[in-house]
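> Generate a structure from the sequence data that follows.
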Amino acid sequence: MVMGRCAACKYLRKACPEDCIFAPYFPSNNPQRFENVHRIYGAKNVATMLKELEPLQPYLRAQAVETLCYEAESRIQNPVYGCAAIIFHLQQQIHNIESELAKLRAEIAILSSNGHGQASEIQLSTDQVHEDQSGSSSKAPNWFI
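Numbering: from 1, shown residues only. Reported below is the predicted structural model:
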């Protein structure tokens with residue numbers, strides 16, 4: 001298993017038993033990983049969560065630990081929003097790209113139509129999409145306020 005104590009047992013200043021639930025996920029060479037998780041969730045809560053997962057499916061525990069580490073790191077970097085800030089930022093990027101795509105499709109329609117009457121209508125809708133994009137990109141959703 002692990003030579004010596006795992007990062008969790010070192011941090012908690014206790015002996016590391018052979019069946020330590022933390023040892024496979026918090027090696028002694030990366031103590032910051034456990035410190036972050038412990039700071040946000042607490043060692044007892046993390047141990048309880050890991051014990052509730054099926055021991056015969058270690059990949060579930062590994063995924064749970066990875067998720068806890070990621071969420072703890074996000075919460076430390078952004079104490080107010082945590083992972084939600086990253087999700088919001090990605091949603092903004094999706095919205096901006098969709099707006100840009102609509103604008104480009106309108107421009108393609110203009111170029112392929114060669115009709116002046118249709119081109120002005122499409123240009124108006126393109127300008128409206130561009131205004132929507134610039135006006136809504138700085139607004140936060142209600143759950144952020």
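
> and stretch 85-92, how far out from the chain's middle?
A distance of 8 Å separates the centroid of the chain from that of stretch 85-92, by CA atoms, centre = their mean, to the nearest Å.

> May I see the buried residues of that stretch?
Judged by neighbour count (16 or more other CB atoms under 10 Å), stretch 85-92 contains these buried residues: 85, 92. C-betas here are computed from N, CA, C, even on glycine.

> average pLDDT across that stretch?
Computed over stretch 85-92, the mean pLDDT rounds to 95.

> Please save the CA atoms from it in PDB.
Extracted in PDB, the C-alpha atoms of stretch 85-92 (Å, rounded to 0.1, in the frame of the first residue of the first chain):
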ATOM      1  CA  ALA A  85     -18.400  30.700 -11.100                       C
ATOM      2  CA  ILE A  86     -16.700  28.400 -13.500                       C
ATOM      3  CA  ILE A  87     -20.000  27.100 -14.700                       C
ATOM      4  CA  PHE A  88     -21.300  30.600 -15.200                       C
ATOM      5  CA  HIS A  89     -18.200  31.600 -17.100                       C
ATOM      6  CA  LEU A  90     -18.600  28.600 -19.400                       C
ATOM      7  CA  GLN A  91     -22.300  29.400 -20.000                       C
ATOM      8  CA  GLN A  92     -21.300  33.000 -20.900                       C
END
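
> low-confidence ranges in this protein?
1-3, 115-145 (pLDDT under 70).

> Contact partners for Asn36?
Residues in contact with Asn36 (CB atoms under 8 Å, 6 or more residues apart in numbering) are 69, 72-73, 76.

> how close does it get to Ser113?
Distance of Asn36 to Ser113, computed by CB to CB, to the nearest Å: 56 Å.

> same deal with Arg13?
74 Å.

> do Ile97 as well
Taken as CB to CB, the span from Ile97 to Ser113 is 24 Å.

> re earlier: report the buried members of the contacts of Asn36.
69, 72-73.

> among these, which are in helices?
Counted as lying in helices by DSSP state H, out of the buried ones among the contacts of Asn36, are 69, 72-73.

> Out of the residues you listed, flag the one nearest to Lys44.
When these are compared for distance to Lys44 (CB to CB), Ala72 wins out at 15.0 Å.
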